[in-house]
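> Attaching a predicted model along with its sequence, questions to come.
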Amino acid sequence: MHDVAVALEGRAYDVRVGRGLIADIAQHCDGFLHKPTVPIITDVNVAQLYKDVVERSLAGAGRQARWLILPAGEATKVWQRLEQAVDFLLNEGVDRQDNIVALGGGVIGDLAGLAAAMVKRGCGFIQVPTTLLAQVDSSVGGKTAINTAAGKNLAGAFHQPSLVLADVAALSTLPLRELRAGYAEVVKYGLIGDASFFSWCERHATHVLGETDQTLSESAVEGSIAEARQQAIVHSVTAKARIVTRDERETTGERALLNLGHTFGHALEAETGYSDRLLHGEAVAVGMVLAARYSVRSGLMEASDADRISRHLSRSGLPISLAALELDCSGAQLADHMTHDKKMVGGNLPFVLMRGIGKAFLYRNVALADVAAFLDAELA
Ligand SMILES: NC(=O)c1ccc[n+]([C@@H]2O[C@H](COP(=O)([O-])OP(=O)(O)OC[C@H]3O[C@@H](n4cnc5c(N)ncnc54)[C@H](O)[C@@H]3O)[C@@H](O)[C@H]2O)c1
Ligand SMILES: O=C(O)C(=O)C[C@@H](O)[C@H](O)[C@H](O)COP(=O)(O)O
Ligand SMILES: [Zn+2]
């Protein structure tokens, strides 16, 4: 078990990373729960796998779980589901000092976190992330949001959790496609500011993704997978906690680096209708390759670095090109989605670009017309 501290003044919390945390959820949440009933928001897939084990643990501590079980997937991050979540929490009699539980991936964490920010102007919440993406990224840092007709994550709030419980054992039930999507956000930490972590990723991706080495015994394989996952999560969360502590509300530009690949990625998610056609992590993978290629085109980065990034993401089973997405749109249409990006200031949209692997920075001299022309070439 490993605890990473998010040292925000007055709102500090721990991210606990370990195995079996869900089975012992009552014990880990002790001190955060004040009532006999515990409101939990989750999705259907997660409920099917973990509802019983959570109920058993809470019952052992004399508590009763109260469930809101939502449909799975990005389509759940919408106004109607947010309203449902807020009404559920109000009907459960949640007070400001209570902590509700978000059990699931980033969709549930973002939605339940926003509902918690709104209920009586803010109750507490505990993030219990069950996907790799949520364990390495979305459960930490307090960004909560839903998507709106205008775009991705456009209605939201900064609302920090009281505690994060990342149970590495939960990843054993996660489909490979979802593991790969989450892995894109792991690689992101290397690309932002840590070239040696990117090299670690190149060496350990197969274990993080659970791809087995036929020469090892079953228990040795399981051990190395669990160890690599734990290391990837602890490293990612530590990197994110450091950034969030210094720039919680994305005002200095440092936190914006966590948006590497997201300006392109969010446009791709909008264009594909927030559907299973393209998962968030997959959109980020393509987006990071586009950011790398645009950095090369702008004379900022060596082409060999961009090739290395594409090669690693592709070997990890992630999409790396617009061609693979078979979109029916122009570069200008993709650039149009970007005009809703939250980084936009006074008509200028800064982009997270790279001077090399581990050397991301915020580039403020980008003309969207040039981005559209670049994307037209990438789409061809
Ligand atoms: N707030 C942030 O800082 C932040 C950061 C990154 C991403 N996000 C958001 O996170 C969302 C993506 O999150 P995600 O990739 O976790 O997707 P998700 O929440 O849709 O989960 C992916 C799928 O895995 C299933 N699942 C979850 N846990 C499982 C388990 N242990 N075993 C089997 N199946 C399981 C879910 O039911 C779902 O079908 C996006 O909306 C993205 O915008 C937010
Ligand atoms: O925590 C952050 O800051 C991030 O940018 C993490 C991203 O991985 C995440 O997808 C985030 O939700 C994107 O933020 P947004 O502000 O562009 O919606
Ligand atoms: Zn993301």
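It's in. Ligands and ions are numbered 1, 2, ... in the order given.

> number of nearby residues for Arg96?
By the criterion of other Cβ atoms under 10 Å, Arg96 has 10 neighbours. The C-beta positions use only the backbone N, C-alpha and C, and glycine is treated the same way.

> mind checking how far the lowest-mean-pLDDT helix or strand in the chain is from the chain centre?
Least confident helix or strand of the chain, by mean pLDDT, DSSP states H and E, is helix 218-246 with a mean of 93. On the basis of Cα atoms, centre = their mean, to the nearest Å, helix 218-246 sits 14 Å off its chain's mean C-alpha point.

> helices or strands up against the helix or strand following that helix?
Next helix or strand after helix 218-246 toward the C-terminus (DSSP states H and E): helix 262-271. Contacting helix 262-271 under the criterion 3 or more Cβ pairs under 8 Å, 6 or more residues apart in numbering; DSSP states H and E are the following elements: strand 151-158, helix 280-297, helix 331-338, strand 351-354.

> Surely Ala181 and Gly281 touch.
Yes: Ala181 sits in contact with Gly281 when judged by Cβ atoms under 8 Å, with a separation of 2.8 Å.

> can you count the residues close to Gly223?
So Gly223, with other Cβ under 10 Å, has 13 neighbours.

> hey, what's in contact with both of Ala181 and Gly281?
133, 318 (Cβ atoms under 8 Å, 6 or more residues apart in numbering).

> Now for the residue in the stretch 101-250 of the chain that ligand 2 sits nearest to: which residues touch it?
Nearest residue of the stretch 101-250 of the chain to ligand 2, counting by Cβ to the nearest ligand atom: Asn153, 3.3 Å away. Under the criterion of Cβ under 8 Å, 6+ apart, the neighbours of Asn153 are 110, 143, 145-147, 266, 342.

> so which of those comes closest to ligand 1?
Nearest member of the contacts of Asn153 to ligand 1, counting by Cβ to the nearest ligand atom, is Lys143, at 3.8 Å.

> From Leu318, how far off is that closest one?
In this structure, Lys143 and Leu318 are 23 Å apart, going by Cβ to Cβ, to the nearest Å.

> Ala335 now?
Per Cβ to Cβ, Ala335 is found 23 Å from Leu318.

> Leu174: how many residues sit nearby?
20.

> before we move on, the earlier item: right, so of the helices and strands packed on helix 262-271, which gets closest to Leu90?
Proximity to Leu90 (Cβ to Cβ) singles out strand 151-158 among the helices and strands packed on helix 262-271, at 17.0 Å.

> Next, the buried residues of that closest one.
Neighbour-count burial for strand 151-158 flags 151-153, 156 (criterion: 16 or more other Cβ atoms under 10 Å).

> That one versus helix 218-246: what angle between them?
Here strand 151-158 runs at an angle of 70 degrees relative to helix 218-246 (axes from the mean of the first three to the mean of the last three Cα atoms, to 10 degrees).

> Next, the residues that contact the following helix or strand past strand 151-158 from outside, please.
Using DSSP H and E, the helix or strand that follows strand 151-158 in sequence is strand 163-167. Strand 163-167 has contacts (Cβ under 8 Å, 6+ apart) with 13-22, 25, 28-29, 32, 99, 126-130, 134-135, 139-140, 233, 237.

> The helix or strand following strand 163-167 - contacts with which helices or strands?
Sequence order places helix 176-193 as the next helix or strand after strand 163-167, per DSSP H and E. Counting contacts by 3+ Cβ pairs under 8 Å, 6+ apart, helix 176-193 is packed against helix 132-133, helix 195-208, helix 218-246, helix 280-297, helix 303-315, strand 360-363.

> low-scoring pLDDT stretches of the stretch 201-350 of the chain, where are they?
Counting by pLDDT under 70, the ranges of the stretch 201-350 of the chain that qualify are 212-215.

> Can you tell me which residue of it sits closest to ligand 2?
Counting by Cβ to the nearest ligand atom, the stretch 201-350 of the chain gets nearest ligand 2 through Leu258, at 3.6 Å.

> from memory that residue sits against Ile192, does it?
Yes: judged on Cβ under 8 Å, Leu258 makes contact with Ile192 at a distance of 7.1 Å.

> Counting neighbours, go ahead and name the busier of the two.
Each of Leu258 and Ile192 had its neighbours counted (other Cβ under 10 Å), and the higher figure belongs to Ile192 (26 against 23).

> in what helix or strand does the residue lying closest to Ile69 once chain neighbours are set aside lie?
Distances taken as Cβ to Cβ, 6 or more residues apart in numbering place Ala47 nearest to Ile69, at 4.7 Å, with adjacent residues excluded. Taking DSSP H and E as the definition, Ala47 sits inside helix 44-60.

> elements contacting that helix?
helix 25-29, strand 37-43, strand 64-70, strand 99-104.

> redo that, cut-off 7 Å
Packing partners of helix 44-60 (3 or more Cβ pairs under 7 Å, 6 or more residues apart in numbering; DSSP states H and E): helix 25-29, strand 64-70, strand 99-104.

> Tell me which of these sits most buried.
Highest mean neighbour count of the helices and strands packed on helix 44-60: strand 99-104, a mean of 28 (counted as mean count of other Cβ atoms under 10 Å).

> just how off-centre is that one within its chain?
16 Å.

> next helix or strand past that strand?
helix 106-118.
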